[in-house]
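# okay, structure incoming, though there's no sequence with it:
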């Protein structure tokens with residue numbers, strides 16, 4: 001929820017950010033493809049704007065499972081210089097050219113790498129993720145390298161929040177005491193109260209946040225006890 005320049009997002013230590021609702025003007029101003037940027041504006045913010053067709057992620061798993069990563073030309077040369085031999089190559093190429101697509105593609109594949117799948121499937125997702133990150137990191141285009149940095153910063157933030165939640169959930173205190181301890185831990189960790197630089201939220205890369213608001217952090221009354229974290233946005 002975005003209100004008075006404060007953003008509130010749900011978080012579960014097992015899966016990361018889980019939900020967010022907001023209402024604001026949107027445009028993918030950081031896209032390398034102006035035609036794609038215009039398409040993004042007219043699409044629902046609830047679904048990743050990859051194409052004017054249904055979300056291609058729906059068919060991604062089937063494509064990856066049948067993909068032989070050992071022989072695929074995607075692993076031997078940059079996908080940007082080929083004719084997209086498979087769906088994975090196409091998605092990587094498209095995600096590299098848009099901040100929003102890069103964000104959702106990265107976290108989709110990252111979650112799949114951690115799912116309870118067979119080992120071969122997980123390895124293929126990890127290869128896809130690594131190829132995508134390498135293309136961004138080693139690109140000669142400043143925007144692509146900036147997107148790589150964005151994703152690395154998001155990973156650090158999520159990992160820090162997961163560590164906090166693991167510490168709290170392992171405690172035997174009641175919910176109120178756990179919540180007070182969580183708030184105290186955030187206040188003590190200056191890197192969470194004020195980020196070194198704004199970070200784009202994984203659930204919505206249009207929103208940039210500058211730090212956590214410790215006193216607004218809470219734990220829900222639930223057996224799993226998920227947390228609600230409030231962030232300050234770049235506007236204050």
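Thanks, I have it. As the structure is a computational prediction, the values presented were derived from the model and not from experiment. Numbering: from 1, shown residues only.
# show me the strands in this protein, by range?
Remark: strands assigned in the chain by DSSP state E are 2-3, 6-12, 16-19, 199-201, 204-212, 218-219, 227-233.
# how close does the closest residue to residue 215 other than its chain neighbours get to residue 136?
Distances taken as CB to CB, 6 or more residues apart in numbering place residue 183 nearest to residue 215, at 6.1 Å, with adjacent residues excluded. For the C-beta atoms, the positions are set from N, CA and C on the backbone; glycine is no exception. The gap separating residue 183 from residue 136 is 35 Å, by CB to CB, to the nearest Å.
# tell me the buried residues in stretch 151-162?
Using 16 or more other CB atoms under 10 Å as the test for burial, stretch 151-162 gives 151, 153-154, 157-158, 161-162.
# now stretch 213-225
Buried positions in stretch 213-225, judged by neighbour count with 16+ other CB under 10 Å: 213-214, 217-219, 225.
# minimum pLDDT in these, which residue is that?
When the buried residues of stretch 213-225 are compared by pLDDT, residue 225 scores lowest at 87.
# and it, what does it touch?
Residue 225 is in contact with 168-169, 175, 178, 219, counting by CB atoms under 8 Å, 6 or more residues apart in numbering.
# of all those residues, which two lie farthest apart?
169 and 175 (11.0 Å; CB to CB).
# so where's the protein shaky on pLDDT?
Counting by pLDDT under 70, the chain has low-confidence residues at 1-31, 33-85, 236.
# residue ranges for the helices of it, please.
Counting by DSSP state H, one finds helices in the chain at the ranges 34-42, 60-65, 87-96, 99-114, 119-137, 142-169, 175-188, 190-193.
# of all those helices, which lies closest to residue 206?
Within these, the stretch nearest residue 206 is helix 99-114; the backing value is 7.4 Å (CB to CB).
# packing partners of the closest one?
On a contact count with 3 or more CB pairs under 8 Å, 6 or more residues apart in numbering; DSSP states H and E, helix 99-114 meets helix 87-96, helix 119-137, helix 142-169, strand 204-212.
# reformat these as CSV; add distance to residue 233.
Formatted as CSV, the helices and strands packed on helix 99-114 follow (distance: least, CB to CB, whole Å):
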stretch, distance to residue 233
helix 87-96, 25
helix 119-137, 25
helix 142-169, 14
strand 204-212, 6
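# looking at the ones you listed, which is closest to residue 229?
strand 204-212 (5.9 Å).
# so which bits of the closest one are buried?
204-212.
# quick one, it and strand 227-233 angle?
Interaxial angle, strand 204-212 versus strand 227-233 (axes from the mean of the first three to the mean of the last three CA atoms, to 10 degrees): 90 degrees.
# check which helices and strands strand 204-212 is in contact with.
If you count contacts as 3+ CB pairs under 8 Å, 6+ apart, strand 204-212 packs onto helix 99-114, helix 190-193, strand 199-201, strand 227-233.
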